[in-house]
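Chemist: I'd like to go over a predicted model; first the sequence, then the structure.
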Amino acid sequence: MSEDRLPSRSDNFAEWYNQLVLRAELADYAPVRGCMVVMPYGWALWENIQAALDQRFKATGHVNAAFPMLIPMSFLEKEKEHVEGFSPELAVVTIGGGEKLEEPLVVRPTSETIIGHMYAKWIKSYRDLPVLINLWNSVMRWEMRTRLFLRTAEFYWQEGHTAHATAEEAQAETMQMLDIYADFAENVAAVPVVRGRKSESEKFAGALRSYSIEAMMGDTRALQAATSHNLGENFARAFEIRYLDAANSLQYCWTTSWGLSTRVIGAIIMVHGDEQGLILPPRLAPHQVVIVPIHKTDQEKDAVLQAVAQLEAQLAGFRLKVDRRDGLTPGFKFNDWEMRGVPLRLEVGPKDVAQGTVTFARRDLPGKQGKHSVPQEGVARAVAEELEAVQAALFKRALEFRREHTHQPRTYAEFRQVVEAGWAEAWWCGRRECEAAIKEDTRATTRNIPLDQPSGGGPCIRCGEPATERALFARAY
RNA sequence: CGGGGUGUAGCGCAGCUGGCAGCGCACCGCGUUUGGGACGCGGGGGUCGGCGGUUCAAGUCCGCCCACCCCGACCA
């Protein structure tokens, strides 16, 4: 049934992605321009992402809070670069309760300004610092062209906002959060990332310095998976976030902000997915294991379901789904759960019952390769090992793919060629003009300037002037 | 905002020179099936994007409007 198959991942990556999001029931198009509905399966995935991050945030002393969705327009105008960066994509409320508002309210595109206002009110003394607050919310940016999860008008994320006494502390916080994101991406989502500093033109509107983690998607394009910003004293000065230090002298705070959005779901799809559909990393999968019972006669059905019930009891420690749907063939169910990316499938049929076994089918290995028979006794241990193996294999495969498609061109001609279908690491003089020229020539942008740098220097890949840093260039989502 | 395109059932589409609004998938019912995407029979579902015009008669011809999609500038 060709119409049951996904569009080809290798021939039409974009259409493969769109169809997969819809057919795996992660999200659907909303009746509001540019907005999506995150469906239960997609939200379950997001909840698991939230749990992994929230735990890391709390372990480093952060607490959660909630701030209003509406922000007075004047707040945004207080930080010059910030308002310039965000004005084109603001949604603005001008009427409330049937009356025209005195001052328009902006639907938050991010919360630095209202945070700044409140922090100014709350922070008086060095004893009040640091303030370490995180928000789980949604924000709105009126994007021109939208795509499910990757770029929607409203998106769900977390935004952390901290205030510190010194530049050093703010910088340490910025780097700590970047590392937490990298740890999450690599060890939970199985997505290898490059940590680095954003160029001047790519940094957050109003930040002193921005950092990102960048991941390579299955079509070699780059995706910024999370950002962490050192806002310097910019927002503190705009909102007068000040404190008295131990010597009774008035100081400006240093603030940071950092965020990770539902966009990482897009990354997980595009890094791990294959022609069959999603492949979810076991640590995030809503269902880690699905059991498909197989039976013809009523007699077989009884025996099979009894075995399934015993397995279910043994596997209580896993996120388990038993597919008891009637009237669907096993083949249909296999394909269905493969589309949804369940990392491990357990098939239980009359043959398994007779032998006291269960058939394991690993999602990351194609067809028969991933299938083998396992004794029902002690199945929990076997499942745990198999899930660990899938988790590790996904990361390894993604890392190898990135390695194969990351190049170190020495000439500009070579550079132009490699960024057609891969990443380029190259010396860059740091000048905006070179960056812009490269974008014009190749559509590739600086993704970041990796933290891991070789010593020494070399000629800028574009202009040949001496450069001291290597940058990562790629076409990006 | 510039360039291109599309609107007919939930989705994908057909509908010619105007004459009873259809097909496939999906959905509902019954039965047979079930170790890699089952099948038979029966059934429900439409302001043909909107408004106006021409005509005995408009999904079809004409005019205006609206919405959505793709490509560029912008972007977590």
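Modeler: Noted; the coordinates are in hand. Residues are numbered from 1 along each chain as shown, chains lettered A, B, ... in the order given.

Chemist: all the strands of the stretch 251-400 of chain A, residue numbers only.
Modeler: A:254-261, A:289-293, A:320-322, A:344-348, A:357-362, A:371-375 (DSSP state E, counting those that start in this stretch).

Chemist: pick the most deeply packed of the ones you listed.
Modeler: The highest average neighbour count among the strands of the stretch 251-400 of chain A, using mean count of other Cβ atoms under 10 Å, belongs to strand A:254-261 at a mean of 26. Bear in mind the C-beta positions are built from the backbone N, C-alpha and C, glycine included.

Chemist: hmm, that strand touching RNA strand B?
Modeler: Yes: using Cβ under 7 Å from any atom of the strand, strand A:254-261 reaches RNA strand B at A:259, A:261.

Chemist: so A:A170 touches A:T256, yeah?
Modeler: Yes: with contact defined as Cβ atoms under 8 Å, A:A170 reaches A:T256; the gap is 5.4 Å.

Chemist: between these two, which contacts overlap?
Modeler: Overlap of the contact sets of A:A170 and A:T256 (by Cβ atoms under 8 Å, 6 or more residues apart in numbering) consists of A:162, A:164, A:230-231.

Chemist: any idea which of these is closest to RNA strand B?
Modeler: Closest approach to RNA strand B among those (Cβ to the nearest atom of the strand): A:L231, at 14.0 Å.

Chemist: so that closest one touches A:K203, yeah?
Modeler: No: with contact defined as Cβ under 8 Å, A:L231 and A:K203 do not form a contacting pair (10.5 Å).

Chemist: who has more neighbours, those two?
Modeler: A:L231 (28 against 21; other Cβ atoms under 10 Å).

Chemist: report the beta-bridge partners for the closest residue to that one other than its chain neighbours.
Modeler: Of all residues not flanking A:L231 in the chain, A:T255 sits nearest, at 4.5 Å (Cβ to Cβ, 6 or more residues apart in numbering). In this entry, A:T255 is beta-bridged to A:A163, by DSSP bridges.

Chemist: if we can go back for a sec, closest to A:K198 out of the strands of the stretch 251-400 of chain A?
Modeler: For A:K198, the closest of the strands of the stretch 251-400 of chain A is strand A:254-261, at 12.7 Å, according to Cβ to Cβ.

Chemist: other SSEs contacting the closest one?
Modeler: On a contact count with 3 or more Cβ pairs under 8 Å, 6 or more residues apart in numbering; DSSP states H and E, strand A:254-261 meets helix A:112-122, strand A:154-164, helix A:167-187, strand A:222-230, helix A:234-239.

Chemist: got the ones you listed as CSV, with distance to A:Q453 and mean pLDDT columns?
Modeler: Below are the helices and strands packed on strand A:254-261 laid out as CSV (distance: least, Cβ to Cβ, whole Å; pLDDT from 0 to 100):
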stretch, distance to A:Q453, mean pLDDT
helix A:112-122, 29, 97
strand A:154-164, 26, 95
helix A:167-187, 15, 98
strand A:222-230, 18, 95
helix A:234-239, 26, 96
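
Chemist: cool, thanks, talk later.
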